[in-house]
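A.B. asks: What follows is a predicted structure for the sequence shown.
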Amino acid sequence: MRIQTGVFGLDPLLGGGFLPNTINMILGSTGVGKTILSLQFILQGLKNNERCLFISFDMDKDYVIRSAESLGWNLKQDLIKIGKFFVEDIRLLNNELLNFIIKNSDGKTRIVIDSFTPLVSTLNYEMRRDVSWFFDQLRKSGTALITVEEPISGCLDEPSITIPAFLCDCLIHMKKLGYGEVLDRILRIVKHRNSWHAEGVYPYKIFKGLGIVVDSKHYIKSVRKNIKIYDILSEDEIRDISEDLRRKIELALSEGSYDEEEVRHLIRWVIECYRKFERS
């Protein structure tokens with residue numbers, strides 16, 4: 001089961017969304033929409049009646065609520081806990097902050113830390129074990145999304161970037177190019193551990209009421225067009241498929257974008273489930 005991001009057009013590029021109990025890092029400079037993406041992730045959880053945590057080091061509860069309202073969104077305050085913390089050293093993570101997360105999570109909670117940068121701004125490589133330990137605690141608490149500020153210099157070799165980037169499960173890099181129109185803002189999925197993800201860069205825009213909208217439709221169409229289901233069935237010597245089962249395979253594949261190897265696995269899985277059902 002995937003965790004929907006709540007961002008229009010992003011889930012197909014991630015193979016359906018984030019994997020449960022993972023750390024997902026959003027890297028980008030000021031103004032690219034990291035906080036907006038974080039709010040969309042939370043809003044999707046509230047829509048699903050899931051428990052949500054929003055943690056900030058520069059925004060209090062009222063500010064977070066007003067930020068959501070400015071985009072036309074209403075946060076269900078009975079399902080979300082918003083915490084503001086003053087932590088300047090990553091060695092303090094196992095105290096107030098982690099206690100707040102553990103107390104308010106159930107193992108399936110959506111957790112946002114916007115931004116993780118104050119905790120790692122003075123990070124050195126000797127502290128990698130501290131970050132790894134903290135990430136492990138986050139994974140036990142739920143599915144987390146952390147935002148990390150890209151340095152103004154554009155240098156991504158600093159420990160505050162490389163360590164969380166290496167230890168996280170998924171890394172999405174958002175950039176504001178300033179060219180206007182289609183290429184004003186783009187994102188790239190750098191990695192998505194244990195999952196397929198789309199390659200390349202994808203334009204996105206920000207709309208009031210909708211938030212971030214990623215233009216992935218052309219990619220999805222091209223992937224589906226290039227994969228010929230019946231050729232795969234023939235190559236894998238899968239025969240005696242009823243018309244009803246063919247329709248079920250096509251329906252399953254229509255729910256997302258997949259590469260050829262994923263299509264092969266999905267076809268086998270659908271056939272296996274279908275035949276088990278027939279025998280029962």
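C.D. replies: That came through fine.

A.B. asks: from here on, contacts and neighbour counts on C-alpha atoms
C.D. replies: Will do.

A.B. asks: so where do the strands sit in the stretch 1-150 of the chain?
C.D. replies: 23-28, 52-56, 80-84, 109-113, 142-149 (DSSP state E, counting those that start in this stretch).

A.B. asks: So for the first one, mean pLDDT?
C.D. replies: Per-region confidence: strand 23-28 scores 96 on mean pLDDT.

A.B. asks: Other residues contacting it?
C.D. replies: Under the contact criterion CA atoms under 8 Å, 6 or more residues apart in numbering, strand 23-28 has outside partners 18, 34, 135, 138-139, 143-150, 164-165, 168-175.

A.B. asks: If I take it and strand 142-149, what angle do their directions form?
C.D. replies: Strand 23-28 and strand 142-149 are oriented at 20 degrees to each other (axes from the mean of the first three to the mean of the last three CA atoms, to 10 degrees).

A.B. asks: before we move on, what about the fourth one?
C.D. replies: Between the axis of strand 109-113 and that of strand 142-149 there is an angle of 10 degrees, by the same axes, to 10 degrees.

A.B. asks: Paired strands for strand 109-113, with orientation please.
C.D. replies: strand 52-56 (parallel), strand 142-149 (parallel) (DSSP bridges).

A.B. asks: looking at those strands, which is closest to Leu10?
C.D. replies: Leu10 lies closest to strand 142-149 among the strands paired with strand 109-113, at 14.3 Å (CA to CA).

A.B. asks: Low-confidence regions, the chain specifically.
C.D. replies: 87-94, 122-123, 125, 179-183, 217-241, 244-280 (pLDDT under 70).

A.B. asks: Domains in it, by residue range?
C.D. replies: If you go by automatic domain parsing, the domain ranges for the chain are 11-218, 227-279.

A.B. asks: returning to what we had before: now tabulate the strands of the stretch 1-150 of the chain in a markdown table and tack on distance to Asp130.
C.D. replies: Shown next, in a markdown table, are those (distance: least, CA to CA, whole Å):
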| stretch | distance to Asp130 |
| --- | --- |
| strand 23-28 | 15 |
| strand 52-56 | 19 |
| strand 80-84 | 21 |
| strand 109-113 | 17 |
| strand 142-149 | 16 |
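
A.B. asks: nearest to Phe207, of the ones you listed?
C.D. replies: Nearest of the strands of the stretch 1-150 of the chain (CA to CA): strand 23-28, 18.6 Å.

A.B. asks: Buried residues, that closest one. List them.
C.D. replies: For strand 23-28, the neighbour count (16 or more other CA atoms under 10 Å) marks 23-28 as buried.

A.B. asks: strands paired with it, and their directions?
C.D. replies: Paired with strand 23-28 in the same sheet, following DSSP bridges, are strand 142-149 (parallel), strand 170-176 (parallel).

A.B. asks: just how off-centre is the first one within its chain?
C.D. replies: Meaning strand 142-149. Distance of strand 142-149 from the chain centroid (CA atoms, centre = their mean, to the nearest Å) equals 9 Å.

A.B. asks: Could you point out the helix or strand that follows it?
C.D. replies: Downstream of strand 142-149, the next assigned helix or strand under DSSP states H and E is helix 159-167.
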